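*Asks:* Next one to model:
(4 chains)
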Protein chains: 4
Amino acid sequence: MPQDNIAHKARVLIDCQDAKGLVYQVSKVFYDRGLNIDNNREFVDKEKNKFFMRTVISGDFSIDEIKEALQQVLPSDATIRIIEPKSKKIILMATKESHCLGDILIRWASNELEANIEAVISNHNDLKDLTDRFGIPFIHIGTENLSRSEHEEKVINTLDTFEFDYIVLAKYMRILSSDFVDCYPRQIINIHHSFLPAFIGANPYKQAHTRGVKIIGATAHYVTSDLDEGPIISQDVISVNHRFEWRDMQKAGRDVEKIVLARALSLVLNDRVFVHGNKTVIF
Amino acid sequence: MPQDNIAHKARVLIDCQDAKGLVYQVSKVFYDRGLNIDNNREFVDKEKNKFFMRTVISGDFSIDEIKEALQQVLPSDATIRIIEPKSKKIILMATKESHCLGDILIRWASNELEANIEAVISNHNDLKDLTDRFGIPFIHIGTENLSRSEHEEKVINTLDTFEFDYIVLAKYMRILSSDFVDCYPRQIINIHHSFLPAFIGANPYKQAHTRGVKIIGATAHYVTSDLDEGPIISQDVISVNHRFEWRDMQKAGRDVEKIVLARALSLVLNDRVFVHGNKTVIF
Amino acid sequence: MPQDNIAHKARVLIDCQDAKGLVYQVSKVFYDRGLNIDNNREFVDKEKNKFFMRTVISGDFSIDEIKEALQQVLPSDATIRIIEPKSKKIILMATKESHCLGDILIRWASNELEANIEAVISNHNDLKDLTDRFGIPFIHIGTENLSRSEHEEKVINTLDTFEFDYIVLAKYMRILSSDFVDCYPRQIINIHHSFLPAFIGANPYKQAHTRGVKIIGATAHYVTSDLDEGPIISQDVISVNHRFEWRDMQKAGRDVEKIVLARALSLVLNDRVFVHGNKTVIF
Amino acid sequence: MPQDNIAHKARVLIDCQDAKGLVYQVSKVFYDRGLNIDNNREFVDKEKNKFFMRTVISGDFSIDEIKEALQQVLPSDATIRIIEPKSKKIILMATKESHCLGDILIRWASNELEANIEAVISNHNDLKDLTDRFGIPFIHIGTENLSRSEHEEKVINTLDTFEFDYIVLAKYMRILSSDFVDCYPRQIINIHHSFLPAFIGANPYKQAHTRGVKIIGATAHYVTSDLDEGPIISQDVISVNHRFEWRDMQKAGRDVEKIVLARALSLVLNDRVFVHGNKTVIF
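*Replies:* Numbers count the residues shown, from 1 in each chain, chains lettered A, B, ... in the order given. Modelled structure (predicted):
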């Protein structure tokens, strides 16, 4: 086994049809190779009869060899991902609001983000100054005189010039077509406000205010094309009352949004999230 | 002023069009009569230009005389309620689930409910045993062979035999027609589960499970006829995760439901809730 | 293997020194016997190098045989518990406040408590009426003219007349000596108020009020003799503000207390809690 | 009344011994001058018999004249502050951790902080780069070869070169002497972690981890000299579990800390906080 193929630590993510003996079979593969299990979590979705397992292994091993060994003992439908823990690459997309972008930039500047920010892409210029403060490329792709598909094509062309793992919509306020979304399956993470009850249409904070809600929240989720709202990664709420004008609700909501997005991003960057159907399993 | 008309403590609730000098005018009425203000809260809804005030006064006074004095200084559209703090009377309506009913019964038995429970009315018999333990009349009004309106008429006829301030729907799982609701304006309080996002239709907990929500909640609200959901009084949530089967979600949801209903009930029984339009102002 | 020794479902709880291959070894025992793993969770406390595993198995098996097989593959310090899921037996101890006792009684009466309540023991008579409503034995053991040890001896003598798995202190407001506590290791569960910051001494709600805390909480924990406060099972909080008088804080606190105790009790009754040192691992 | 003395909007903050007719007397002053009341809140601390009132007035008025008029109708112990709503000036003090400083900088850069940041003072150099990104003066005052009082004198001398309303300790990890604190009464705001139970001494997150707490929180408070911890302005918590290593707890705690500090700062900058004794009244 040539030296350059040897890994020392990896996250093994398995999902497949549930079957008897899966934990035994998988742990045998690791045991037979003398590997340490630093962390191990499993879950069976009984409704769907689906098995999920995330194991952090350490030792000296070849990722290819482990993958092959696992394939031999797991059901044929198994998805096996073996990922070495290293900093991911992300592209941020934003529009005008700075709270989510700023929060991610501060974490990045403080080495607390487990990713490098390759670029910030925006349909407006408002966030250029803030992005510039951190020396990160800010790319403005205006929408003037462009159809949705023309604009998206320009965004895709720009994205094509980068290597990245995830696109983070940090308050990107333009709807993405399914054509766009389909290019980046399970790679786009979005944050949006959430209310009890939900509101559809323009200025949901104004609607929530008119409705007198006592709680406002935020949901971070994967973006999918066939659904209004993809698999949920993280949610949180805060209390409000009748004294909150809609702008106060919006202000309060922003604090929840940025924390929920950061939490979701950390889970995704640590390869802790499985998606199945329209839901997530998070270890 | 005959002795039997003298009150010593009252909650004064005013709502009217906002105007300059309202706090001055109202406080002058109390000041001129040498009354103590034990508690005073105001709020102006600037969107609707509406003024709300709740003052707890003490001293020796005639409620009628105070009301007349206030009417003279307030705008003609003013609603003035002067309420002596005494135990209210409530009717509970429930179906099969015991968590909300049980919670209210325990509070009642411990003298912590600021109300007397006149009766429990149910479309099923499941909760009879629990109600009997507390010596409270349990009235079963079955729905067999009855149309909705026939059943509701029977319920109304039963309600007519009681004096009560509020009807509390403690998991009453049958939809009430607007004819019914209109008989008891701002007198019916309901509790229901809430999710981010919301789910409509049968077994919302199953839907929430399928959707993989990370938060489930409960909303207590007034029941109104012209809206799916009336003015919100209280809301709260708890976190769940992929390990929760839908029955676990339901179980967790029940704990939130009973606490949120109890909180709303306490606010209502203490005359702390104003309703305007489809929202509440709560002091 | 005689029919009456065959189990069909069990919770297997293992804790031991961490070592390579534990998951493999344990899962092999189940795999070799053709058993289903309905649920499996592990955790390694790296600070203490300690391994925890909780597996729910189903199939046809002998508990003794499984235990022996596990002992052979696990480190010699391993604690192995194999528990068939059946209703536990609990004794409640309370003093004057009804909120925790009442909440547990309602759950019991609704078949939502995974335990039978054998008796309620109290140093006061206040809760007799409430307990009687549920037909559960209420045993009053007064403290008059008794030293602490004499009183505790009487309690122990009473406890001796029952079979039980856990003692639940549902607001039992008398300090238990270590002699008492040592008789029931990891069998006593307590609920108490918690504040940020903490308050020691008489009427902590008054102290919290004077201090102007904005959050009050509750902690459910095992009672141990050598520590002020044993391993924490569950905690939660609610927000308060300057308008809360200390009795309002107490009232709000009660709602948290009863929910936190119920949550802790459910975890304990489902054999989901490991204790190690002064902390818990909860699956 | 000369034009330059005329104010158009102000926050009037009154606190004094409670007495009959205070609301009437104060509202009469505003009414007689034809002023609008945009917002009005009062509170009586019955324990201390103390009255608090915060009124936002608008119209054309002289602050001095209003103050004089209020002094004539209020008890002699009354504190009356009339503050025109304008951006305050703050000095940030920090040490090495960037989360609170970064959060405030982003809000400032986005015009969401109701204050201007005059300077960042630090006993270390770690946060210079981050501060520089925002073009705000970073002043390093090292502690080498300096006694506590010598160091504090240098800090005071530096502070003397600025005009400011508040000093915000954004994770300033050096204890301030009472001599220092006494120079800036009710002007210093601090954020610190909070736990249930509380931990004293080095690395509280490690202690909280060892203790197995299920909740960690943060408290923002005024710094006072005679108490370990001054009047609490804001508190919040998040849930953690046994899977959190102490660094994970710290990371989770940071998100709470920055939000709680920002919330407290917003309340203070909007003149919404009264301090009395060791507690706050917040409107």
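*Asks:* quick one, domains of chain A?
*Replies:* Structural domains assigned to chain A are A:3-83, A:88-282, following automatic domain parsing.
*Asks:* Show me the one of the ones you listed that comes nearest chain C.
*Replies:* Distance to chain C, taken as CB to the nearest CB, is lowest for domain A:3-83 among those, at 3.8 Å. In this view, the C-beta of every residue, glycine as well, is placed from N, C-alpha and C.
*Asks:* among the domains of chain A, which is nearest chain B?
*Replies:* For those, proximity to chain B was assessed by CB to the nearest CB; domain A:88-282 is nearest, at 2.6 Å.
*Asks:* Can you check the distance spanned by the closest one, start to finish?
*Replies:* The first residue of domain A:88-282 is 18 Å away from its last residue (CA to CA, to the nearest Å).
*Asks:* CA-only coordinates of stretch A:161-171 in PDB, if you can.
*Replies:* The C-alpha trace of stretch A:161-171 is given here as PDB (Å, rounded to 0.1, in the frame of the first residue of the first chain):
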ATOM      1  CA  THR A 161     -14.900  29.000 -11.900                       C
ATOM      2  CA  PHE A 162     -14.700  27.800  -8.200                       C
ATOM      3  CA  GLU A 163     -14.300  24.500  -6.500                       C
ATOM      4  CA  PHE A 164     -16.700  24.300  -3.600                       C
ATOM      5  CA  ASP A 165     -18.600  21.800  -1.400                       C
ATOM      6  CA  TYR A 166     -21.600  23.800  -0.500                       C
ATOM      7  CA  ILE A 167     -23.500  27.000  -1.500                       C
ATOM      8  CA  VAL A 168     -24.900  28.800   1.500                       C
ATOM      9  CA  LEU A 169     -27.800  31.100   0.900                       C
ATOM     10  CA  ALA A 170     -27.200  33.700   3.600                       C
ATOM     11  CA  LYS A 171     -30.400  35.600   3.000                       C
END
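*Asks:* How about the contacts made by the nearest residue to A:Ile136 once chain neighbours are set aside?
*Replies:* For A:Ile136, ignoring the flanking residues on the chain, the nearest one in space by CB to CB, 6 or more residues apart in numbering or on different chains is A:Ile117 at 5.3 Å. Neighbour list for A:Ile117: A:Ile90, A:Ile91, A:Leu92, A:Ile104, A:Leu105, A:Trp108, A:Phe134, A:Ile136 [criterion: CB atoms under 8 Å, 6 or more residues apart in numbering or on different chains].
*Asks:* is it fair to say A:Ile117 lies in a helix?
*Replies:* No: applying DSSP: H, G, I helix; E, B strand; the rest coil, one finds A:Ile117 to be strand, outside a helix.
*Asks:* rewinding a little: between the contacts of A:Ile117, which sits nearest C:Ile82?
*Replies:* The nearest member of these to C:Ile82, counting by CB to CB, is A:Ile90 at 46.8 Å.
*Asks:* Could you check the pLDDT of the closest one?
*Replies:* The model reports A:Ile90 with a pLDDT of 98.
*Asks:* and it, bridged to which residues?
*Replies:* Legend: beta-bridge partners of A:Ile90 under DSSP bridges are A:Ile117, A:Tyr166.
*Asks:* picking up where we left off before, deepest in the core, which of the domains of chain A is it.
*Replies:* domain A:88-282 (a mean of 19; mean count of other CB atoms under 10 Å in any protein chain shown).
*Asks:* so can I have CSV of the domains of chain A showing distance to D:Leu169?
*Replies:* Shown next, in CSV, are these (distance: least, CB to CB, whole Å):
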stretch, distance to D:Leu169
domain A:3-83, 37
domain A:88-282, 18
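*Asks:* one step back: got JSON lines for the contacts of A:Ile117, with distance to B:Ile156 and secondary structure too?
*Replies:* Formatted as JSON lines, the contacts of A:Ile117 follow (distance: CB to CB, whole Å; DSSP: H, G, I helix; E, B strand; the rest coil):
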{"residue": "A:Ile90", "distance to B:Ile156": "61", "secondary structure": "strand"}
{"residue": "A:Ile91", "distance to B:Ile156": "62", "secondary structure": "strand"}
{"residue": "A:Leu92", "distance to B:Ile156": "59", "secondary structure": "strand"}
{"residue": "A:Ile104", "distance to B:Ile156": "58", "secondary structure": "helix"}
{"residue": "A:Leu105", "distance to B:Ile156": "62", "secondary structure": "helix"}
{"residue": "A:Trp108", "distance to B:Ile156": "64", "secondary structure": "helix"}
{"residue": "A:Phe134", "distance to B:Ile156": "67", "secondary structure": "coil"}
{"residue": "A:Ile136", "distance to B:Ile156": "67", "secondary structure": "coil"}
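*Asks:* For the stretch 151-283 of chain A, what lies in contact range of chain C?
*Replies:* A:Ser239 (CB under 8 Å from any CB of the partner chain).
*Asks:* Tell me where the stretch 151-283 of chain A has strands.
*Replies:* Assigned by DSSP state E, counting those that start in this stretch, the stretch 151-283 of chain A shows strands spanning A:166-169, A:188-195, A:215-222, A:232-239, A:273-276, A:279-282.
*Asks:* Lowest average pLDDT across the ones you listed?
*Replies:* Lowest mean pLDDT within these: strand A:188-195, a mean of 90.
*Asks:* In the sheet, which strands lie alongside it, parallel or antiparallel?
*Replies:* Partners of strand A:188-195 in its sheet, by DSSP bridges: strand A:166-169 (parallel), strand A:215-222 (antiparallel).
*Asks:* Within range of chain C, give me the residues from the stretch 1-150 of chain A.
*Replies:* A:20-21, A:23-24, A:27-28, A:30-31, A:34, A:36-42, A:44.
*Asks:* of these, list those near chain D.
*Replies:* Counting by CB under 8 Å from any CB, nothing from the residues of the stretch 1-150 of chain A next to chain C sits close to chain D.
*Asks:* Which members of these occur in strands, if any?
*Replies:* Among those, the residues falling in strands (DSSP state E) are A:Asn36, A:Ile37, A:Asp38, A:Asn39, A:Asn40, A:Arg41, A:Glu42, A:Val44.
*Asks:* give me every residue that touches the first one.
*Replies:* By CB under 8 Å, 6+ apart, the residues touching A:Asn36 are A:Ile57, A:Ser58, A:Gly59, C:Lys20.
*Asks:* Where does pLDDT dip in the stretch 51-200 of chain A?
*Replies:* Counting by pLDDT under 70, the stretch 51-200 of chain A contains low-confidence residues at A:196-200.
*Asks:* and A:Val44, bridged to which residues?
*Replies:* Bridge pairing for A:Val44 - DSSP bridges - gives A:Phe51.
*Asks:* okay, among the contacts of A:Ile117, which ones form the most distant pair?
*Replies:* A:Ile91 and A:Phe134 (14.5 Å).
*Asks:* Show the contacting residues for the nearest residue to A:Ile233 once chain neighbours are set aside.
*Replies:* Spatial nearest neighbour of A:Ile233, chain neighbours left out: A:Ala264 (3.9 Å); criterion: CB to CB, 6+ apart. Neighbouring residues of A:Ala264 by CB under 8 Å, 6+ apart: A:Ile189, A:Ile191, A:Ala220, A:His221, A:Ile233, A:Ser234.
*Asks:* residues in contact with the third one?
*Replies:* A:Ala220 makes contact with A:Ile189, A:Asn190, A:Ile191, A:Ile232, A:Ile233, A:Ser234, A:Gln235, A:Val260, A:Leu261, A:Arg263, A:Ala264, A:Leu265, according to CB under 8 Å, 6+ apart.
*Asks:* what are the bridge partners for it, then?
*Replies:* In beta-bridge terms (that is, DSSP bridges), A:Ala220 pairs with A:Ile191, A:Ser234.
*Asks:* Chain B contacts on the stretch 101-250 of chain A?
*Replies:* Going by CB under 8 Å from any CB, the residues of the stretch 101-250 of chain A near chain B are A:194-198, A:209-215, A:217, A:219, A:229, A:231-237, A:239, A:241-243, A:245.
*Asks:* which residues in the stretch 51-200 of chain A form helices?
*Replies:* Using DSSP state H, counting those that start in this stretch, the helices of the stretch 51-200 of chain A run over A:63-73, A:99-109, A:128-132, A:148-160, A:178-183.
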